[in-house]
Each structure stands twice: as structure tokens, then as C-alpha cells.
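Peer 1: give me a 3D structure for the following:
(chains A, B, C and D)
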Amino acid sequence: MQVSVKYFASLRELMGEASSVIDIEENISVSELWQSILESKKVVFDNVMMAVNMEYVKSEHQLKSGDEVAFFPPVTGG
Amino acid sequence: MQVSVKYFASLRELMGEASSVIDIEENISVSELWQSILESKKVVFDNVMMAVNMEYVKSEHQLKSGDEVAFFPPVTGG
Amino acid sequence: MLIEIRKEAFNAYAEMQYYLDELDIDGQYGATASFVGTMRDFNEDKNITSLTLEYYPGMTEKHLETIVNGAIEKWNLLDVLILHRVGKIKIAEDIVLVATWSAHRKDAFESCRVIMEQLKSGAPFWKKEETTTGVKWVEKNTPGF
Amino acid sequence: MLIEIRKEAFNAYAEMQYYLDELDIDGQYGATASFVGTMRDFNEDKNITSLTLEYYPGMTEKHLETIVNGAIEKWNLLDVLILHRVGKIKIAEDIVLVATWSAHRKDAFESCRVIMEQLKSGAPFWKKEETTTGVKWVEKNTPGF
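Peer 2: Residues are numbered from 1 along each chain as shown, chains lettered A, B, ... in the order given. Just a heads-up that it's a prediction; the model follows:
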């Protein structure tokens, strides 16, 4: 199945892309996806925040086909 | 000696005057003045606030000649 | 710092803008907290038609200054503005404006609220409500905490 | 309730007035608390020349709506306004405005501060500072309490 992945701010710059569509296996969690991205990109990044379909989720959140998954650094608005 | 006395709001209406100049003996406190005013006016009034020369004072504050003494109900601004 | 008693209606946001335009703190202030108290048409279940605010000329300004000086000692503030209306006030007119400017939001938020509470509990102002059933002095303010 | 992301500079007090003029709460609101966050020329001892604010279109608005709905459940509020700037921001330009309207000041003060803190800790915005010595993403916000 496929999910779309978005990166923001310093993480977008680190990844060298704002978004991509990734093929994943079924029954994987958002943190498993994150680990596999870090490994394939050969990067490290602490304190990531994770959202699925524009809502914050826990790291064990199970992904579904077509999900919009976002990874970003701690927010600094206001 | 003399002090000037001011009343505000509901207390001004109760006293029927906004201010008066009162002869007092030396070494009396602001609360002693207040008690003597209540007795001479034959009125009762709870929760009075007291200021001398435009600053809040404790009830035992000693008055001096020429002081501006103010009595008023709890404040309700803002 | 500006503390003013106003006898005429004022517009709180226009006043904040006028005041800010004259301040020379651009680049320094990151946080502005403000509170505006406005005339309602009800209080404790009564229908209010208008309000008259009395004050103690001299002491009121002096007491507000003491409050602001206390806030300046406690928090890092760049400026403070207080406007307070007196006289006859109509529904939806602004009664009080308290604004504080600081580099950081903690100082602005905390000082604005504390100044407002100290104003309500200590500044010599008295409200007389004209209601549909008569005229009455307000005896106490609504709790702020 | 209005939540808006702004790509152009705005004037916080003019915006509050425009918004209030369209509300039909005259006589009901007695308390308005507001916070304005403004661009400073310094942060953690660095000299800042400009700031670029990035956001997550869609999620940012949705998250702010969740914050406001939480506040409406917790406090008695008549209305809430949030404006947040994105894009390139110059010194002394307003970044964020949070305003809450209520009958009483406790609800207005508390909700305004909590909305602002929740915005700072959770709303997807990121600041990149252009300083005299280079460009750097801000890593964390100043504590609010």
C-alpha cells in the first residue's frame, strides 16, 4: 500500500524534499515508517513530531493505505 | 486641629455631603474619627475603606492637622 | 507609562494603536497583553440601561500609579497603558483598558492580569447601575480568579 | 469564531476592531483579553534581521480549531479570534493575535493565555531566523509559565 509523506522546516531541508509517496507493507506503525525513512535516507533526527491525516498521533498508530503522514521538528510558532 | 473629610459613592449619598472640615482632638486615629462621625450622623455603614492623603491606611493610623481623610465603600471599578 | 481617567467614550483598540505609535520600542517588544472591560446590559440578573462611574480625583491616579510601579518591579515590562472611563457610560462602551508590553509573553500576560485584579480590588472607582427597576450602587465586583 | 493564516502583514488592533464591528454581542461581552506576538530584533542573544514562518496548510488551521473548541468547552466564551502570520516577517510586524470575548474577565483572561500556550506548543508553525551571522531554524520556544 502507499502513503504520502510530508516533511516541514529543518526536516524538509534535511530530507531534501517536501513530500514523497512511499510504498509500505500493511500493519506498520507511523514510528516504524519513520525508522525506515531514517535508515534509507541515512540521517538522524531527534524530537520528531508525527501527524497522520493532519492530526497528532502516537508512535504506535497503525497506518492505512492513502494516509497523509507528516514528520516535523518541534513547533515554534506564535 | 482640623482635618478635611471626603465621602464617595453610596457613602456620600448616605452622609448627604461630599466633604466637610471637622475639628478633632490631637492623637486620634482614623477609625476613632470614623466612629465619631457615625455617632454624630446617627448612621451605620459596614465595610468602609479609609484613606489619608490619598493613600490607604490602617484603622489605627494617627491623624495630623490638615490631613485629607477619605471614607468610601468597597471599590467597584474596572 | 500612561495612566488616564477619561470622561468621554474611547475606543480601546484605537487608543492602543495611538499609544504604540508613539512608543520607541520596535524590535524590543515581542509580547503585548491587553484587557478591555466593556459595559454589559446585565449584572447579577438585572437589566442595566446605563452606568455612572465615580472616582476620587487625585487618589485614583495615584493608586493606579502605585499598582503599575509594583508591576514594573516584579516583571520585565517595556511599557504599560491604563485608561479608565468615568461618568455616564452606555451599553457596549469601553470602561477600562490595561495593556502591557514586554519582550516575552509570560511577563506581559501575568502583569496584565495582576494589574487588572489590583485595579478592581483597590482603585477608587464606584459603579452605580441604572436598571429597569431603579438605581443602585454596585456593592462588589465579580471574582477574577 | 475566526481562525486565519495571513500571508501579508496585519495590524492586530485594526483587525480586532474590524472583527468586533461584525460581531453581534454588544451588551453581552464585558471582558476582552488579547495577546499580540510581535517580531523582535533579538532572540537568545542573536541579532535578528528577519524571520520566515512556515506552516502546514490544512493541519495548522485544523489544530487551531481543535484548540479553540477545547477552550469553548472549558470557559464561557462569546467569541474567539486567532490570526497568525506566515511567510517573511520584518521587525515589529505582528506575528500572532489571540483574542477572547466573554461576559466575565476570568474566562477571557484564562482562555486567552491557554489558547496562546497551546498554539505555541502544538500548532504546526516553524520559525527560521535570518541573523547577522546566518540563517537558523528556531529549535524551541521561550517557556510561557
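Peer 1: quick one: name the residues of chain C near chain B.
Peer 2: C:37, C:53-56, C:58-59, C:62-63, C:84, C:95-96, C:116, C:119-128, C:137-141 (CB under 8 Å from any CB of the partner chain). Placement of C-beta: from N, CA and C, glycine included.
Peer 1: residues contacting the residue of chain A found nearest chain C?
Peer 2: Of all residues in chain A, A:Gly78 sits closest to chain C, at 7.9 Å by CB to the nearest CB. Contacts for A:Gly78 (CB atoms under 8 Å, 6 or more residues apart in numbering or on different chains) come out as C:Arg105, D:Gly37, D:His84, D:Ile95, D:Val96, D:Met116, D:Leu119, D:Lys120, D:Ala123, D:Phe125, D:Asn141.
Peer 1: okay, now the unreliable bits of chain C?
Peer 2: Within chain C, the stretches with pLDDT under 70 are C:45.
Peer 1: quick one: the strands in chain A?
Peer 2: A:2-7, A:19-23, A:49-52, A:55-56, A:68-72 (DSSP state E).
Peer 1: out of those, which gets nearest to chain B?
Peer 2: Checking those against chain B by CB to the nearest CB gives strand A:55-56 as the closest, at 39.1 Å.
Peer 1: top helix in chain C by residue count?
Peer 2: helix C:105-122 (DSSP state H).
Peer 1: how close does A:Val44 sit to chain B?
Peer 2: With the distance defined as CB to the nearest CB, to the nearest Å, A:Val44 ends up 54 Å from chain B.
Peer 1: that older thread, make CSV from the strands of chain A and add distance to C:Asp79, mean pLDDT and mean neighbour count to it.
Peer 2: As requested, the strands of chain A are exported to CSV (distance: least, CB to CB, whole Å; pLDDT from 0 to 100; neighbours: other CB atoms under 10 Å in any protein chain shown):
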stretch, distance to C:Asp79, mean pLDDT, mean neighbour count
strand A:2-7, 41, 98, 18
strand A:19-23, 45, 97, 12
strand A:49-52, 36, 98, 19
strand A:55-56, 38, 98, 14
strand A:68-72, 36, 98, 22
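Peer 1: mind checking which of these is nearest C:Trp75?
Peer 2: strand A:49-52 (31.4 Å; CB to CB).
Peer 1: contacts for the closest one?
Peer 2: A:30-31, A:34, A:56-57, A:59, A:61, A:63, A:67-75, D:56, D:59, D:124.
Peer 1: contacting residues for the closest residue in space to A:Ile28 that isn't next to it in sequence?
Peer 2: Distances taken as CB to CB, 6 or more residues apart in numbering or on different chains place A:Leu63 nearest to A:Ile28, at 6.0 Å, with adjacent residues excluded. Counting by CB under 8 Å, 6+ apart, A:Leu63 makes contact with A:Val3, A:Ile24, A:Ile28, A:Ser29, A:Val30, A:Leu33, A:Val52, A:Val69.
Peer 1: okay, and the beta partners of the fourth one?
Peer 2: What that stands for is A:Ser29. A:Gln62 (DSSP bridges).
Peer 1: thought A:Asp67 was touching it, still the case?
Peer 2: No. With contacts counted by CB atoms under 8 Å, A:Ser29 stays clear of A:Asp67, the gap being 11.4 Å.
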